[in-house]
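**Student:** Give the three-dimensional model of this entry:
(2 chains)
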Amino acid sequence: DIQMTQSPSSLSASVGDRVTITCQASQDITNYLNWYQHKPGTGPKLLIFAGSNLGTGVPSRFSGSGSGTDFSFTISNLQPEDFATYYCQQYDNLPITFGGGTRVEI
Amino acid sequence: QVKLVESGGGVVQPGRSLRLSCVGSGFTFYTYGMHWVRQAPGKGLEWLTLISYDGKNKEYAESVKGRVTLSRDNSKDTLYLEMNSLRPEDTAVYFCARDHHTSGRGYFDYWGQGTLVTVSS
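**Tutor:** Residues are numbered from 1 along each chain as shown, chains lettered A, B, ... in the order given. Have a look, this model is predicted:
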């Protein structure tokens, strides 16, 4: 199985901050890497697909980059509604695997 | 708009069975692959299963392989997950998710709100 190591596991930030999360795959996954936002009581929401592509209706303050084994996800100008948990996910190989999540707190 | 609604969760004793359902609306259900993903209390997301648009291809995580039956009824726009021999470690919120590709080998572009399964005596 491909292991996805996501860091940090949590972070504290303020409105207006720039936040970066990293995700490292245990083997080359090309760009088969997605990022999701998850808030309690709801289903996760797709933000970034295939490494760097913005999901439908997703604000441009969200961005993703990377390929191979190292990826990053950035929220520029953090907004109040962005406080949530973020997950990376690889879909290059089965089983599909997720990173451990990053909780973004005020 | 695209909507996925899970149901069938509840409290069940260890060793018993449960069938979860996921109804899709607002899109042509039969043209998309579908997934089940779960989140145990205080834990992250765990992928469980995928099924192709026509139900012919199914894949399972090792944690549930042999204990679940995955199916879909495209005439009812519904995805099913029958879980057998339930264990306390199966306690989780179960989400269904739509794959953007017919094969189920793409990204998950829409998710349901989840249904809680609690396995306890």
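**Student:** give me the number of residues near A:Asn34?
**Tutor:** 28 (other Cβ atoms under 10 Å in any protein chain shown). C-beta here means a position set from N, CA and C on the backbone, and glycine is covered the same way.
**Student:** what residue is smack in the middle of chain A?
**Tutor:** Of all residues in chain A, the one closest to the mean position by Cα atoms, centre = their mean is A:Trp35, 3.6 Å from it.
**Student:** check contacts around A:Ala25.
**Tutor:** Shown in contact with A:Ala25 (Cβ atoms under 8 Å, 6 or more residues apart in numbering or on different chains): A:Ile2, A:Gln3, A:Met4, A:Thr5, A:Leu33, A:Gly68, A:Thr69, A:Asp70, A:Phe71, A:Gln90.
**Student:** sorry, back to before: leaving aside the residues next to it on the chain, what's closest to the residue nearest to the centre of chain A?
**Tutor:** Nearest non-adjacent residue to A:Trp35, counting by Cβ to Cβ, 6 or more residues apart in numbering or on different chains: A:Ile48, 4.1 Å away.
**Student:** Over to A:Pro95?
**Tutor:** Leaving aside its sequence neighbours, A:Pro95 sits nearest to B:Ala61 (Cβ to Cβ, 6+ apart; 4.9 Å).
**Student:** same deal with A:Val19?
**Tutor:** Going by Cβ to Cβ, 6+ apart, A:Val19 has A:Ile75 as its nearest residue, at 4.6 Å.
**Student:** go on, B:Leu45?
**Tutor:** A:Phe98 (4.5 Å).
**Student:** What residues does chain B have near chain A?
**Tutor:** B:4, B:35, B:37, B:44-47, B:50, B:59, B:61-62, B:95, B:97, B:100, B:105-114 (Cβ under 8 Å from any Cβ of the partner chain).
**Student:** That concludes my questions; thank you for your assistance.
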